[in-house]
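Visitor: my questions are about this predicted structure, shown below with the sequence.
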Amino acid sequence: MRSGRCSTTARPGSKPTAPRPAPSRICTPPSAPRCPVRAARYSARHLRDRPEPVMEPRRDPRVCPETKGRIMTQDTPTTTTPETSTQGGESAADTATPAERVIVTHGRSLMALAVARSLGRRGIEVIGCDDSPMMALSFSRYVAHTFLHAPKVEDEAAYLDSLIEAVRTEVPDDGRPTVLMPIHEDTTAIARAADRFPPWVRVAAPDVALIDQVFPKDRLARTVERLGVAAPPTRMVEDAASARAAGDAIGYPVFVKPPAATGGRGIAKVDAAEDMDAAFDEARRLDPDRPILVQGLAPGEDYCLTALYQDGVMRAHMAYRNLETFPGAGGFGVLRETVAPGPMPAAADALLSELRWTGVVQLDFRWSGAADDRPHLIEVNPRFWGGLFQSIESGLDYPWLLYRLTVDGAVPEPPPVELGQRTKVPLLWILGAVEDLAEDTGRFDALESAWQDARARARDGAWGKAAGTLGTALSEGLLPTTARERLVARWRNAASARPELFTADDPMAGLGLLYTVGYMIRNGRLPEELSR
């Protein structure tokens, strides 16, 4: 025995105790550090120093490099006793094959990681793909393997050809149910080509004829008008003069929106007619082929309703709102809270039941929060959404429900939604919390100067003086009382929020944040898939 803690020998005068069962060969035990780097080191020491364990059934599925990337299904032993070992030394768990599998696209994104974890934990073999090798799914223990395909942005036809061929060769027919679950903007392109994929692959996307009714935004505007769904007044224009006339008719301020852009790109709030030309020109630059939207403001605040429909019947739904966004007020939600949906499901039905929608969908509303007030529909996303992790953590496992709908043709009864649940995106929620401080140029420049001074002192080894420099700068008014109070309040709001990306059972997937950070450094903004 390496230490007294592991010994089963009783001390003199003590009562005999039963020997402790050996732990299962799971890469990161529940007591492992939460930091991904420390967790990796802890995991390596744990496996190296422990004696060979005996068979121990587990309730929750896990994927581990020790099992060669295979998925542990419910009640499958993670190790084996000598009596059940195979001649080659592999355990029965090592040779087990999951009964079902899924292909998840856009593997760099947090949405894809949420899907992979959801389905991997339920014993489904997860295969990831992207056009970039730096994908979050490459680091997740719940992903069996990944493959690459041609990029979509350069040539959509070549992208589809490459993806279809890769699916055919990387995921051959072996008799198991196989689902292709597209993520983000991959959804529309894959839906259009659904009949081109191998016959053993089922595409978990809405029918493209339905997508064309709600996306891009100009098509949604026509559908909303036809069905009489409550929405802000909207005009579609082809030139700047028509945009100015639309603004005059609706009444300023108005929003100018390119119809096909996502993540808030190109959307501008225009307060007066003299500002319209610049806003229209920018929207036209981003979307040169479709009419530009001029839309009035709706009362209330932004809310997100998420749902799963089957032939026009809402099978599951939950709502959340963003407490913090980055960058800016119209950016990606980085601190979220689940709320009661109020009248939003009925408003969604007014659109999607009429269309006989099937699949997941997310709708943006403006709403006062009062049960007797009517929400106004702003946007429809016919795919998974940026806050998917929020939905899952609130008890509504949309990837699992969609998988079962695709394979079985029926949706399991969803559990009650946990209201008040909060989640956050590591690092980005902090940036959102301090963003208003950065907008105060004078104080921010002074704080930056103090930071540079403190860093120079630290390099010289004067850590105490460095800390004192920063402390003095903060206490002498670089942060006004109101700003400090806002930061403290925001920090407290996020204290109980569950962090997206970093989890005890899948710590190395946190390295997927490198993609987001690298993209921000290179392009000065968040990736497009980080949208509401």
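Guide: That came through, no problem. Numbering: from 1, shown residues only.
Visitor: helix, strand, or coil at residue 198?
Guide: coil (DSSP: H, G, I helix; E, B strand; the rest coil).
Visitor: how about it, what does it touch?
Guide: Residues near residue 198 by Cβ atoms under 8 Å, 6 or more residues apart in numbering: 164, 167-168, 173. Where you see a C-beta, it was placed from the backbone N, CA and C, and this is true even at glycine.
Visitor: so which of those is the closest to residue 397?
Guide: Closest approach to residue 397 among the contacts of residue 198 (Cβ to Cβ): residue 167, at 24.5 Å.
Visitor: residue ranges with poor pLDDT in the stretch 351-500 of the chain?
Guide: 426-495 (pLDDT under 70).
Visitor: check the stretch 51-200 of the chain too.
Guide: Looking at the stretch 51-200 of the chain by pLDDT under 70, you get 51-95.
Visitor: for the closest residue to residue 309 other than its chain neighbours, grab phi and psi.
Guide: What sits nearest to residue 309 in space, not counting adjacent residues and going by Cβ to Cβ, 6 or more residues apart in numbering, is residue 357, at 4.2 Å. The main-chain torsion angles of residue 357 are listed as degrees, to the nearest 10 and equal phi -70, psi 140.
Visitor: residue 357 against residue 206, yeah?
Guide: Yes - assessed by Cβ atoms under 8 Å, residue 357 is found in contact with residue 206 at 6.6 Å.
Visitor: who's more crowded, the two?
Guide: residue 357 (28 against 25; other Cβ atoms under 10 Å).
Visitor: tell me who's in contact with that one.
Guide: Going by Cβ under 8 Å, 6+ apart, the list of residues near residue 357 reads 206, 210, 309, 312.
Visitor: number of residues surrounding the closest residue to the first one other than its chain neighbours?
Guide: It refers to residue 206. Closest residue to residue 206 apart from its sequence neighbours, by Cβ to Cβ, 6+ apart: residue 359 at 3.7 Å. Residue 359: 23 surrounding residues under other Cβ under 10 Å.
Visitor: and the helices in the stretch 51-200 of the chain?
Guide: In the stretch 51-200 of the chain, the helices defined using DSSP state H, counting those that start in this stretch lie at 92-95, 110-120, 156-170, 186-192.
Visitor: alpha carbons only: can I get the longest one in CSV?
Guide: Only the C-alpha atoms of helix 156-170 are listed here, as CSV (Å, rounded to 0.1, in the frame of the first residue of the first chain):
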residue,chain,number,x,y,z
GLU,A,156,-21.6,25.9,-50.1
ALA,A,157,-21.9,23.3,-52.9
ALA,A,158,-18.3,22.1,-52.3
TYR,A,159,-19.0,22.0,-48.5
LEU,A,160,-22.1,19.8,-49.0
ASP,A,161,-20.3,17.5,-51.4
SER,A,162,-17.4,17.2,-48.9
LEU,A,163,-19.7,16.6,-45.9
ILE,A,164,-21.8,14.0,-47.7
GLU,A,165,-18.8,12.1,-48.8
ALA,A,166,-17.2,12.3,-45.4
VAL,A,167,-20.4,11.0,-43.7
ARG,A,168,-20.5,8.1,-46.2
THR,A,169,-16.9,7.1,-45.5
GLU,A,170,-16.4,8.0,-41.9
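Visitor: buried residues in that helix?
Guide: For helix 156-170, the neighbour count (16 or more other Cβ atoms under 10 Å) marks 159-160, 162-164, 166-167 as buried.
Visitor: now the helices for the stretch 351-500 of the chain?
Guide: Using DSSP H, counting those that start in this stretch, the helices of the stretch 351-500 of the chain run over 388-393, 398-408, 428-439, 441-459, 463-473, 481-495.
Visitor: including distance to residue 267, could the buried residues of helix 156-170 go into TSV?
Guide: Below are the buried residues of helix 156-170 laid out as TSV (distance: Cβ to Cβ, whole Å):
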residue	distance to residue 267
159	26
160	29
162	32
163	30
164	34
166	35
167	35
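Visitor: ok, those vs residue 423, which is closest?
Guide: Checking the buried residues of helix 156-170 against residue 423 with Cβ to Cβ, the nearest one is residue 163 at 30.5 Å.
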